[in-house]
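Participant: missing the sequence, but the structure's below:
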C-alpha cells in the first residue's frame with residue numbers, strides 16, 4: 001500500500017507539500033497537479049486513522065533524544081519527564097544515538113501506538129517523515145515549518161562566548177566546530193562567534209572537527225592535531241577556544257591537560273550547553289548555558305496545547321529562548337577594579 005512518502009517521491013515534491021495538499025492548504029498549481037497525478041497512479045488512499053490522534057485517550061508521550069551521555073541531555077530529560085508528569089502524561093524515552101533509521105522507527109512506533117504526542121531532538125530532517133496530524137514539538141531543529149520549534153538563541157550564545165573572551169584580554173579567538181552544515185544550531189553558534197569577532201576586527205579562526213558519529217577516537221585524534229597546530233601557530237598569544245558543545249570542550253580540556261598546557265592562564269575554554277551532572281553541581285567548564293528547565297516547560301506546554309487542540313497548528317510557532325554565560329575554571333576570573 002502506498003504512503004505519503006511514495007506520493008511525494010512520485011510527484012517530485014516534499015512530504016510537507018503533500019501534507020499541505022491533503023489538508024487543503026495553498027500550494028503551487030504545478031505541485032498540485034503533480035500530486036494529483038501521483039495519487040491517481042499509485043491508487044493512494046489516505047489513512048485517516050492518524051487524524052484521530054488528537055482525540056486519542058493515550059497518556060503516553062514519546063521523547064526521542066540522541067543520547068543521555070551528556071549532562072545537558074540528562075538534565076533536559078529530567079525536566080521534560082517532570083513537566084509531563086505534572087500535566088498527566090507518562091514519558092517513553094527513546095535514545096536514537098543520532099541514527100536516522102532509529103528515529104524513523106520510533107516515529108512509526110509512536111504513530112502506530114497512537115501515543116498522545118512526540119517531543120524530539122533530531123539533527124536530521126526527521127519531521128519531514130512525521131504525519132502532520134501528530135502533535136509534535138521539535139527541540140533545536142525543525143525545517144519543515146509544520147511543527148513547533150523550541151530552541152536556545154544559539155547565535156547570541158556564540159556572541160556571548162566571544163564577548164567573555166574579550167573581557168578576559170584574549171588576543172586570538174578560536175572556534176572548534178563541526179563540518180556539518182545541516183546542523184543549524186551548531187552553525188548559528190559558530191556564526192555568532194565569528195560575526196562578533198569580525199565586526200570588531202578581532203583575530204579569529206575556525207577549525208572543523210568530525211562528528212562523534214564517526215567515533216570518539218577519530219574525534220580525539222583530529223582534536224589533538226588541531227590543538228597542536230593552535231599551540232604552535234599562536235604560541236605568543238593569549239588564546240581563547242570556543243567549543244560548540246560541552247562534550248567536545250571537555251575533551252579539549254583533557255587533551256590540553258595531558259599536554260601540560262596551563263588552562264586558563266595560557267588557553268581559556270568556553271563550551272556550549274551548561275548542563276548539570278546533578279541539581280546543585282558547580283560548573284567545571286565555563287560555558288554558554290541553555291535554559292534547560294525553560295526549554296522543557298515550553299516544549300511540554302506547547303505539546304499539551306496541541307494535544308487538546310488549544311492552539312492553531314499553522315504557522316508553527318518558533319520559541320527562541322535566552323542563554324547565559326556561566327563561569328567555571330576554564331576562563332580567567334575578572335578582577336573588579
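Facilitator: The structure has been received and is ready for your questions. The structure presented is a predicted model; accordingly, all values stated were derived computationally and were not measured. Residues are numbered from 1 along each chain as shown.
Participant: Need the three-state assignment for the spatially closest residue to residue 129 that is not a sequence neighbour.
Facilitator: Nearest-residue entry for residue 129: residue 104, 5.9 Å, with adjacent residues in sequence omitted and distances by C-beta to C-beta, 6 or more residues apart in numbering. Any C-beta I mention is one placed from the backbone N, CA and C, and that applies to glycine too. When the structure is reduced to helix, strand and coil (DSSP: H, G, I helix; E, B strand; the rest coil), residue 104 reads as helix.
Participant: what about residue 104, how many neighbours?
Facilitator: A count of nearby residues for residue 104, using other C-beta atoms under 10 Å, gives 16.
Participant: hang on, it packs against residue 125?
Facilitator: No - no contact is recorded between residue 104 and residue 125 when judged using C-beta atoms under 8 Å, the distance being 10.9 Å.
Participant: Which strands and helices lie in contact with the worst-scoring helix or strand of the chain on mean pLDDT?
Facilitator: Least confident helix or strand of the chain, by mean pLDDT, DSSP states H and E, is helix 15-22 with a mean of 80. Secondary structure elements in contact with helix 15-22, counted by 3 or more C-beta pairs under 8 Å, 6 or more residues apart in numbering; DSSP states H and E, are helix 4-11, helix 29-42.
Participant: quick one: which of the ones you listed is nearest residue 22?
Facilitator: When the helices and strands packed on helix 15-22 are ranked by proximity to residue 22, the top entry is helix 4-11, at 7.6 Å, counting by C-beta to C-beta.
Participant: Buried ones in that closest one, by neighbour count?
Facilitator: 4, 6-8, 10-11 (16 or more other C-beta atoms under 10 Å).
Participant: now do stretch 98-114
Facilitator: Counting neighbours by 16+ other C-beta under 10 Å, one finds that the buried residues in stretch 98-114 are 98, 103-104, 106-107, 110-111, 114.
Participant: what about the helix or strand harbouring residue 228, average pLDDT?
Facilitator: Secondary-structure element containing residue 228, defined by DSSP states H and E: helix 216-233. Helix 216-233 shows an average pLDDT of 93 in the prediction.
Participant: Does anything pack onto that helix? Which helices or strands?
Facilitator: Helix 216-233 makes packing contacts with strand 172-178, strand 204-209, helix 246-258 when contacts are defined by 3+ C-beta pairs under 8 Å, 6+ apart.
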